[in-house]
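Chemist: have a look at this prediction, sequence included:
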Amino acid sequence: MDENIQFLYTYDITIQAMWNIIEYEITYENYENCQNLIRNYTIENSVVLPIPQKLGYKFLGWEDGSGQIINVIQKGSHGNYKLNARWYANEVIANTSSSVYNITLDYSIFTIKGNVSFSIKSNVDQVMFTTNNIQRTVNINVEQRSRSLTIIFKNSKMISKSNSTLLVADECNKLNIISNGTNTLTGGNISSSTLTSVINCQEIIFYGEGNLSIAGANNIGTNGIHGLQGGYGISATGYVTNNMKQLIVRGGNGSNGKQPAEAAKMISVPEKQTQKDKPGLQGYTGNTGITGGSGGKGGIGIYNAIKVVNNSYCINSYLEQTEISTKFSIYGGNGGAGGQGGKGGQGGKGGEGRDGTLFVYGTVGGKGGTGGTGGNGGQGGKGGEGRDGTLFVYGTVGGKGGTGGTGGNGGSGGEGGSAVYLTGAIVNCSTSNGTKGVIGYKGEGGEGGEGGLGGKTLLGGDRHASGANGEKGADGVEGRDRT
């Protein structure tokens, strides 16, 4: 005991030490989406550190000042902590189309800088794609699996190769799609009656506070002269559920009908004229033009699903419910335009004129002269000789050519696609069928037929004049809507 301490008391006392507990600070860095952070602690309690989230990454733990990864501050610890969140992701730049990227590592993030294809293996639970808002040609195939898969699209603009599905996941029992930022997935053009989808799956659920637009492939092929149906937006065999801020799904447009070939030229010719002084018979009217091809039907927005549901609240990228409302719009594709009507066939050739006719006659003989005077009056002079007969030879004029055929009718516009085709209900979604395609233009009338030849002369002279060419046929009428 310090001998210098002086006590004023003359009796025994007990002295108890008084303590103030020290409160230490916890500082967090490099984290996202972390709620209820604990900012202080004391020596008397342990602290279970929070688990933050970072889109596309796996959280490994908090790194303290010594470089050690911790998840708990143990009881009895002291001093301020400055903690840095540590993350893991397999970050890859994909920029070649020479091979398929086999995705075997979880938490892979692909920045796409070329036209590429991916195969997601069955051991992967989450993968993220971004194109930084630059359109890339992409195809993604999900291998058969027994558990769900989460795919994150962040500011991605993708289009599939022609005649192919962009995302094939029909052997995955549940597909989760998260949209962060603005994303568009589009089917590449198709050119046959084999229809593709942008996404082909079983059950699919959409999340995120971003926007996603899915547009089925436009068809550019024809079956002969007739247009073909557009592709599907989504083809699913299970439920389609939206928890995303804004989701738009539409079918592709049907292809336009084509203009058919010109109708065949009329080859039949009337018989040669046999009546006297009559021109050749008029040629036959040309064949009517062929009706233009009908436009293809618009594609279906969502095809074959059991049920389509839009929830009234948004679940964000971290799968947390928010106060943001959702919107789910489904549209059918537009029908293709009808093809222009075919040109009418050329009119038939006019009939040949009657051949020349022979008319031969002499003039009347001259009147005898007056008898002379005198004795026994002289014999009257001989009448003048009539003029020799003149030969008139001519054929009749050729027949007028036939009128050209009437132009073909314009093709009917394709039917607008249905917004949905499914076996169950549609809940809280906005739907609209596609617009009917425009009617094709009327076909042009055929050319008039060639005039028939004039009749022959009897003695080798020129023919009589040919008949006039026929008149051009009338144009076809506009195509009619389907009923």
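Modeler: Perfect, I can see it now.

Chemist: outline the domain layout of this structure.
Modeler: Under the assignment named as automatic domain parsing, the residue ranges that make up the domains of the chain are 24-88, 90-263+293-341+412-432.

Chemist: what is the mean pLDDT for the first one?
Modeler: Okay, so that is domain 24-88. Averaging pLDDT along domain 24-88 gives 93.

Chemist: distance between the ends of that domain?
Modeler: Across its full length, domain 24-88 reaches 29 Å end to end, with CA to CA, to the nearest Å as the criterion.

Chemist: ok, stretch 19-36 next?
Modeler: Between the opening and closing residues of stretch 19-36 there is a gap of 29 Å (CA to CA).

Chemist: E415: what's it in contact with?
Modeler: G254, K297, G298, G335, G434, K436, G437, R482 (CB atoms under 8 Å, 6 or more residues apart in numbering). All C-beta atoms are positioned from the backbone trio N, CA, C, and that covers glycine.

Chemist: and it, how far from S432?
Modeler: For E415, the distance to S432 (CB to CB, to the nearest Å) stands at 14 Å.

Chemist: same thing with S191?
Modeler: The spacing between S191 and S432, counted by CB to CB, is 27 Å.

Chemist: single out the most deeply packed of the domains of the chain.
Modeler: Each of the domains of the chain was scored by mean neighbour count; the highest is domain 90-263+293-341+412-432, a mean of 21, by mean count of other CB atoms under 10 Å.

Chemist: how far away from the center of its chain is that domain?
Modeler: Its chain's C-alpha centre and that of domain 90-263+293-341+412-432 lie 12 Å apart, by CA atoms, centre = their mean, to the nearest Å.

Chemist: how near is G61 to S193?
Modeler: Relative to S193, and taking CB to CB, G61 is found at 55 Å.

Chemist: could you point out which residue ranges in the chain have low pLDDT?
Modeler: Low-confidence segments of the chain, defined by pLDDT under 70, are located at 1-9, 97-98, 356-394, 457-467, 470, 473, 475-483.

Chemist: go again using 50 as the cut-off
Modeler: Flagging of the chain using pLDDT under 50 yields the residue ranges 359-366, 368-381, 383-384, 386-387, 389-390, 392, 479-483.

Chemist: hang on, the earlier thing: tabulate the domains of the chain (CSV), appending distance to G448.
Modeler: Output for these, formatted as CSV (distance: least, CB to CB, whole Å):
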stretch, distance to G448
domain 24-88, 73
domain 90-263+293-341+412-432, 14
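
Chemist: of all the ones you listed, which one is nearest G348?
Modeler: Closest to G348 of those, according to CB to CB: domain 90-263+293-341+412-432, at 12.4 Å.

Chemist: okay, how far is it across the closest one, tip to tip?
Modeler: 41 Å.

Chemist: the chain should start at 388 in everything you say after this.
Modeler: Shifting the count to begin at 388 puts that one at domain 477-650+680-728+799-819.

Chemist: please enumerate the helices of the stretch 588-737 of the chain.
Modeler: Taking DSSP state H, counting those that start in this stretch, the stretch 588-737 of the chain contains no helices at all.

Chemist: for the stretch 588-737 of the chain, just list every one of the strands.
Modeler: If DSSP state E, counting those that start in this stretch is used as the criterion, the strands of the stretch 588-737 of the chain fall at 598-602, 609-610, 613-614, 619-623, 626-629, 633-637, 689-690, 694-697, 714-718.

Chemist: can you list these in TSV and add distance to N407?
Modeler: Supplementary listing: these in TSV, determined by distance: least, CB to CB, whole Å:
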stretch	distance to N407
strand 598-602	54
strand 609-610	87
strand 613-614	85
strand 619-623	64
strand 626-629	56
strand 633-637	55
strand 689-690	66
strand 694-697	57
strand 714-718	56
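
Chemist: can you tell which of those is closest to F540?
Modeler: Sorting the strands of the stretch 588-737 of the chain by CB to CB, the top spot, which is the nearest, belongs to strand 598-602 at 6.9 Å.

Chemist: which helices and strands sit right next to that closest one?
Modeler: Applying 3 or more CB pairs under 8 Å, 6 or more residues apart in numbering; DSSP states H and E, one finds that strand 598-602 contacts strand 554-567, strand 569-573, strand 584-594, strand 619-623, strand 633-637.
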